[in-house]
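S.K.: Mind folding the following:
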Amino acid sequence: MSCAGQYSAFADAAIFEAVRTPWVDLGGALSQVSPIDLGIKVGREVLARAGIDPQAVDSVLAGSMAQASFDAYLLPRHIGLYSGVAQAVPALGVQRICATGFELLRQAAEQLRDEVQLALCVASESMSRNPIAAYTHRDGFRLGGEVQFKDFLWEALYDPAPGLDMIATADNLARRYGLSRKAVDRYACDSHQRALQAQRDGAWAEEIVTVDNQVFELEGYQPRGISLARRASAVSADSHPRPTDLEALTRLRAVHPGGVQTAGNSCAVVDGAAAALVGRASACTRPALARLLASAVVGVAPEFMGIGPAPAIRLLLQRSGLNLDDIGRFEINEAQAAQVLAVAHELELDSTRLNVQGGSLALGHPLAATGLRLVMTLARQLRQHNLRYGIAAACVGGGQGMALLIENPVYRA
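M.R.: Residues are numbered from 1 along each chain as shown. Model (predicted):
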C-alpha cells in the first residue's frame, strides 16, 4: 500500500553552496534587524562563497513566517534586488511554516525542469520582531467595546482547530508513545551536550557567516542595512547553546500540568537567516554541497502534528526505493523533545544517526530558516564522514510533515 502525500523526485538538482547567520536568542543582537536585511546578508554571502555572479541567478525564492517589518510584503523582491540579482529576475514568497526551508529547495528543484538554471533560496526569521497585533480595529474603537491586542509570537503557537498549543500536541505524543518526563529530559540533555561539543569542535564554522553593522547599497534606490542591538559590533556564533545537566532540566516546571514538556526540553526561540544556491548538478563546475534527490510532504492530525516527519520519511523511502539502513544521517527538527522522540520510536531510529550534533533544543528554531540549516548541516556531515544519503525532516504546525532526501556528491564506496 502506498503512503499518502506528495512526492517529488529530482533528476539533476544540487545545492551548490549554503550559509547561515548565527542563531541568536530572542531579544539579542539581531533583535532589531529586519528579516529582509538578514536575508540580504546571507543572499550576498552565499553568492560570494560560491564565486557566482549574482546576475547569473534566474529565480529568487524567499520565505519568512511573521510579518516582522512594515515592508514585509516586499521581502522576496528586496532580498533579490539588494543581493545583486538582475532586476528582470522575478521573486516568489514561499511559506510552509517550519518546513519553509525545505519547500524553498523543493520549488527551486522543480523550477530547474523549465528554463531556470540557478535559483537563490533565502529564508529569514525575526522572532524578536513578531508584532503585538490587532486585527479587528480598522473601523476604530467603540465606547466601552473590547480593545484587543495580542502577542503574535505567542498566539502563533496555538492551533484553534484542536484547541491546543504546540506544547500540548507534544504532550499528546508523549502519552501515545509512553514517553516519561525522565526520558524526554534525558534526550534534551543529550541534545544540549551534543550541540556544545559540536560548537567547540567548530562543526558549524563552515556554514556560519559573521553578521556586523553594514549598509547595503543599490544604485538608484534607498540604502538598506544592518544595525545590531545591545551595542554589538559583530555576531559570529550561535548564542543559545549553554551547559546544562539532567538535574537542572528535571527541576523545570512542565508547561501543562501532567505534561512532560518544559522550557528546557522545547526548542529555543531565536532570530536568524539562511541561504542556498540551487542549480543543475550537471552544470556545477566544482563539487556541489549536496545533490537534491527527492522530497515528500504529508498531512497528519493537528493534535499530533509533531509526528509528521515519520510518515513523510516513510513516503520518501518507499518512493525512492531506499531503506532506513541506507540513510547515514537523519536531521529531524527538534520542535519539542517528546515530538522528536515519538518520531524516533515510530521509525525505530537509532540515536547514533539522529541529530548527532544536537538540534533546535540547543540551537533554536527560527521558523522559516530551520529547514535550510538542517539540510546544510546534514550535507556537511555526509561529506565529513563519507556517507552517501541523508534525510532532513520537520513537523509543521497545523498537522504536516516534510522530508528531503540528499546525496553526498563526493561519496566514495
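S.K.: Would you mind listing the buried residues in stretch 80-100?
M.R.: Buried residues in stretch 80-100, counted by 16 or more other CB atoms under 10 Å: 80-85, 89, 91-94, 96-100. Quick note: C-beta positions are derived from backbone N, CA and C, even for glycine.
S.K.: Mind listing what's buried along the helix ranked longest in the chain?
M.R.: For the chain, the longest helix by residue count, based on DSSP state H, is helix 181-200. Under the neighbour-count criterion of 16+ other CB under 10 Å, helix 181-200 has 181, 183-196, 198-199 buried.
S.K.: Centroid-nearest residue for this protein?
M.R.: For the chain, T370 is the residue whose C-alpha lies nearest the centre (CA atoms, centre = their mean; 1.2 Å).
S.K.: I'd like the average pLDDT over the longest helix of the chain.
M.R.: Taken as a whole, helix 181-200 carries a mean pLDDT of 97.
S.K.: Backbone dihedrals for the residue nearest to the centre of the chain, please?
M.R.: With angles defined as degrees, to the nearest 10, T370 sits at phi -60, psi -40.
S.K.: which ones are touching it?
M.R.: By CB atoms under 8 Å, 6 or more residues apart in numbering, the contact list for T370 reads 98, 101, 333, 360, 394.
S.K.: and with 10 Å instead?
M.R.: Residues near T370 by CB atoms under 10 Å, 6 or more residues apart in numbering: 20, 23, 97-102, 123, 125, 267, 270, 272, 274, 331, 333-335, 359-360, 363-364, 392, 394.
S.K.: before we move on, the earlier item: I'd like the next helix or strand past the longest helix of the chain.
M.R.: Note on helix 181-200: by DSSP states H and E, the next helix or strand toward the C-terminus is strand 211-212.
S.K.: So which residues make contact with the helix or strand that comes right after that next one?
M.R.: Later in the chain than strand 211-212, the nearest helix or strand by DSSP H and E is strand 214-216. Under the contact criterion CB under 10 Å, 6+ apart, strand 214-216 has outside partners 36-37, 40-41, 43-44, 78, 81-84, 223-228, 234.
S.K.: Narrow the residues you listed to those in helices?
M.R.: 36-37, 40-41, 43-44, 78, 81-82.
S.K.: just those residues now: which is nearest G145?
M.R.: Taking CB to CB as the measure, G145 lies nearest I36 of those, at 35.3 Å.
S.K.: thinking again about what came up before, what about the ones in helices among the contacts of strand 214-216, which one has the most neighbours?
M.R.: G43 (31 neighbours; other CB atoms under 10 Å).
S.K.: Nice, that's everything, thank you.
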